[in-house]
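*Asks:* coords please:
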Amino acid sequence: MILTRAIIAGCMALSLSACSLLLDDPVDKARAAFDAQDYIAARADVQVILSADPTNAEALELLARIQLATGEGGDVAATLDRLEQAGGDPQDAALLAAEGLLQSGKSDAALALIGDDASAQGWRLRALAAAAKGNDALARDAFRQGRRAKGDRGKLFAAEASHHLARGDLTAAAQAVALATDVAPDRVETLFVSARLAEMQADHVMALSSYLRIIEIMPLDRPALIGAIYAAERAGKPDATRHLIAYGAQTRPLDREFVYQQARVLAWDGNWEQVRANLQQHEAELADHDAARLLYAEALLQLGQVETARAIAAPVIARSQGNADAARIEAAIEAASRG
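*Replies:* Numbers count the residues shown, from 1 in each chain. Presented below is the predicted three-dimensional model:
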């Protein structure tokens, strides 16, 4: 609990100022933020540099790497074109371009750029391309080849772990997580696969610990925060769950997920009228958020509006066969109708 509060309280203060390290050179400052995995600060610094000098090759290279790190592969080709025009020629330019293509769903074009590259990075991208094409055996083989390759193996091990987790192979995933943790314990990719493995092993305390570490590194990371909320809840830590939800609402006041999460807290406290009011206020934006719709129906049911609750819940129940919450709400509505 103390750890949770300390991390949440310090995250925002740490995110931009600490990573800059008071460096005078703008490029060094941006690179330091990137190395600290503070991609928001790194992007802001790069944009300042490029607004003053659009042909700054170092800043353009950093921008391409930031775009890949944040899943914006579709923008990488244009950035690399600008970099080439500015005279920049990073050693791994072909691999940067290949990863951008992979993130854009262009596996064959990516493979053509990877060529016969024998680095760990090259094998990671080959494995991802094979997986995208549905060739699981080829993906596994590429991951195995990459284990013996030179270069950044931390990302390869994390990608391998994610591959095995997606297929439910917890034994292989655990081996890959252990390898990633050995070479890159504080990398966000490592912490994510560690958290996901812990969740699948029902070790919710370990999952929470990994998610909190990600939030410490990247205070505004949405998937880690949502993961931490549910891990804390499953670990039986209600105070931590509430603190994390409050942090999310504070840092993402317009995010519909945290409208829903705040409504959950109100429901835990039995404040059904406020649950109804809050969810009704955001009804349009939550129209396809099934969990929020079920909570809205439950609030209406608790307030005696049985038929309105049925109308709200019915579409969600129809498409959520096997969902425990949907089944619970359906049974409660039927019981209220008979009563």
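
*Asks:* what's the least confident helix or strand in this protein, going by average pLDDT?
*Replies:* Within the chain, judged by mean pLDDT, DSSP states H and E, the helix or strand with the poorest mean is helix 2-20; its value is a mean of 51.

*Asks:* ok, Leu50 - how many residues close by?
*Replies:* 17 (other Cβ atoms under 10 Å). Bear in mind the C-beta positions are built from the backbone N, C-alpha and C, glycine included.

*Asks:* list of residues touching the helix or strand containing it?
*Replies:* Assigned by DSSP states H and E, Leu50 belongs to helix 39-52. The contact list for helix 39-52 (Cβ atoms under 8 Å, 6 or more residues apart in numbering) reads 15-16, 19-20, 26-27, 29-31, 33-34, 56, 59-60, 62-63, 66, 69-70, 218, 220.

*Asks:* state the mean pLDDT of it.
*Replies:* Averaging pLDDT along helix 39-52 yields 96.

*Asks:* CA atoms of the following helix or strand past it as PDB?
*Replies:* Taking DSSP H and E as the definition, the helix or strand that follows helix 39-52 towards the C-terminus is helix 57-69. What follows is helix 57-69, C-alpha atoms only, in PDB (Å, rounded to 0.1, in the frame of the first residue of the first chain):
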ATOM      1  CA  ALA A  57      19.400  14.400 -38.400                       C
ATOM      2  CA  GLU A  58      19.900  13.300 -34.800                       C
ATOM      3  CA  ALA A  59      16.400  14.500 -33.800                       C
ATOM      4  CA  LEU A  60      14.900  12.800 -36.900                       C
ATOM      5  CA  GLU A  61      16.500   9.500 -36.000                       C
ATOM      6  CA  LEU A  62      15.200   9.800 -32.400                       C
ATOM      7  CA  LEU A  63      11.700  10.600 -33.700                       C
ATOM      8  CA  ALA A  64      11.700   7.500 -35.900                       C
ATOM      9  CA  ARG A  65      12.700   5.400 -32.800                       C
ATOM     10  CA  ILE A  66      10.100   7.100 -30.700                       C
ATOM     11  CA  GLN A  67       7.400   6.300 -33.300                       C
ATOM     12  CA  LEU A  68       8.300   2.700 -33.200                       C
ATOM     13  CA  ALA A  69       8.400   2.500 -29.500                       C
END
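
*Asks:* helix 57-69: which residues count as buried?
*Replies:* Neighbour-count burial for helix 57-69 flags Ala57, Glu58, Ala59, Leu60, Glu61, Leu62, Leu63, Ala64, Arg65, Ile66, Gln67, Leu68 (criterion: 16 or more other Cβ atoms under 10 Å).

*Asks:* next SSE after that helix?
*Replies:* Immediately after helix 57-69, counting by DSSP H and E, sits helix 76-85.

*Asks:* can you list the buried residues in that next one?
*Replies:* Val76, Ala77, Thr79, Leu80, Arg82, Leu83.

*Asks:* quick check: the third one touching Arg65?
*Replies:* What that stands for is Thr79. No: contact criterion Cβ atoms under 8 Å: Thr79 and Arg65 do not qualify, at 9.4 Å.

*Asks:* next one: phi and psi at the nearest residue to Ala297 once chain neighbours are set aside?
*Replies:* Once flanking residues are discounted, Ala297 sits nearest to Ala313: 3.7 Å by Cβ to Cβ, 6 or more residues apart in numbering. With angles defined as degrees, to the nearest 10, Ala313 sits at phi -80, psi -30.
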